[in-house]
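> Show me the folded form of this:
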Amino acid sequence: MAEWLSARGHQIRVITAPPYYPAWRVLPPYRAVRYQKEWLGKVPVWRCPLWVPAQKSGWRRILHLASFAASSLPLLLAQMIWRPDVIMAFEPTLMCAPAVIAMGSITKIKTWLNVKDLEMDAAFDLNLLPKGPVRKFAAAWERWILRRFMRISTISASMQSRLEQKSNRSVLLLPDWTDVEAIHPLSAKRMEFRNAMGIDNNAFVVLYSGNIGEKQGVEIIARAAQRLAPAPGIMFLICGAGAGLPAFARSVRGLKNVILRDLVPAKEFNLLLNLADLHLLPQKAQAAELVMPSKLLNILAAGGMVVATANSTSEVGRVVQAAGGLVVASEDDAALASAIQIIAEWPLQRRNEIRNLARSHAERYFSRDAILGQYERKLHELIQ
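Next comes the predicted model:
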């Protein structure tokens, strides 16, 4: 987003953390304990010190987010000299929001909160934090913040509705996007990449790629793989990292229809998406309305067919079904296994029709230039 706006002639500065997700550790050349500056094209990016806990819990996550809020504050205050027209804060993490609100109030700089994840609701609904008085205090603090930004946007209609209820004000719907030029259907090299992953050319490949953590509910994939172990030709490829990876690896140990791999480099991402015959998008029921996985848009851009575990009326469910995919109940591994087997038996022509529909849906509704063009127009409106 920053590079796109910069290419359009805007001056953009970014204050963020060193990359650590989904592995939950900062890898070289980045350091968790010092400030670093780099350039993405013409965009200066400051990386702030960050505490990344080895063991995850609700309270450790709060300290983790608070460490970034504290370390980023001096850099934020330094921008008062530059005097930007707009400061855009992202949730996660809401802990940076009070400083942005204060700076906007003092300097009259416009403030925008861009909500990518309802982190408060997720923390309590997934039992990462205790309910009761703690939740009441957190809800009151969240309402206070939401009412003080000049503009709020979010990425899904369900999150938009929740935010409007919390704040009693209008919230912009600006979905996430995908680069439909960088991510696209491939036929060449597809089989070569399969072979590099140790997969037979004739296998029906079911792919999950991404974080293995609390919200994803990937344990359902392990149970579905166990059910489909006798089914000939169906192979599960899991490319991931995250806090839940060790437990997931134990749950699929001994299953010959499951291959575990690390996340692939960015240059191989389009190849990875294209080698799959079917993509899995698991979500826990409690998280279905709280997040909108951006990976879904990349899957559609690659012409991928999707089975999601979600409520059919949720935002994820609606997008998946509109793009020709299937939705089964969250945590129903029997239904998931059945859906996989049914699709594996579909004729190739039907599968290709759904792939074309998925690609068309991504181009029509989630292309980068169209959505970032909306951001640019709304930025101009806010400034004026």
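> what's the least confident helix or strand in this structure, going by average pLDDT?
Lowest on mean pLDDT, DSSP states H and E among the helices and strands of the chain sits helix 190-196, with a mean of 80.
> Buried ones in that helix, by neighbour count?
193-194 (16 or more other C-beta atoms under 10 Å). No exception for glycine: its C-beta is placed from N, CA and C like everyone else's.
> mind listing the strands for the stretch 1-150 of the chain?
14-16, 36-40, 43-47, 86-91, 110-115 (DSSP state E, counting those that start in this stretch).
> can you tell which of those strands is closest to residue 203?
Of all the strands of the stretch 1-150 of the chain, strand 36-40 sits nearest to residue 203, with 38.1 Å by C-beta to C-beta.
> Pull up the pairing partners for the closest one, direction included.
strand 43-47 (antiparallel) (DSSP bridges).
> Restricting to C-alpha, output the partner strand in CSV.
Extracted as CSV, the C-alpha positions of strand 43-47 are listed here (Å, rounded to 0.1, in the frame of the first residue of the first chain):
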residue,chain,number,x,y,z
VAL,A,43,9.4,4.7,1.2
PRO,A,44,11.4,5.0,4.4
VAL,A,45,10.6,2.2,6.8
TRP,A,46,11.6,2.3,10.5
ARG,A,47,11.6,-1.0,12.3
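> Just the buried positions in it, please.
Neighbour-count burial for strand 43-47 [16+ other C-beta under 10 Å]: 43, 46-47.
> Redo those residues as a markdown table? Include distance to residue 135.
Formatted as a markdown table, these follow (distance: C-beta to C-beta, whole Å):
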| residue | distance to residue 135 |
| --- | --- |
| 43 | 38 |
| 46 | 34 |
| 47 | 32 |
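> Return the backbone torsion pair for the nearest residue to residue 283 once chain neighbours are set aside.
Using C-beta to C-beta, 6 or more residues apart in numbering and skipping residues adjacent in sequence, the residue nearest residue 283 is residue 310, 5.1 Å away. Here is the backbone geometry of residue 310 (degrees, to the nearest 10): phi -170, psi 170.
> what's the neighbour count on residue 310?
By other C-beta atoms under 10 Å, the residues close to residue 310 number 27.
> these two touch, right, it and residue 326?
No - here residue 310 lies out of contact with residue 326, judged by C-beta atoms under 8 Å, at a distance of 10.6 Å.
> Show me whatever sits in contact with both of those two.
residue 320 (C-beta atoms under 8 Å, 6 or more residues apart in numbering).
> if we can go back for a sec, how much space between the residue nearest to residue 283 and residue 301?
Residue 310 sits 20 Å away from residue 301, going by C-beta to C-beta, to the nearest Å.
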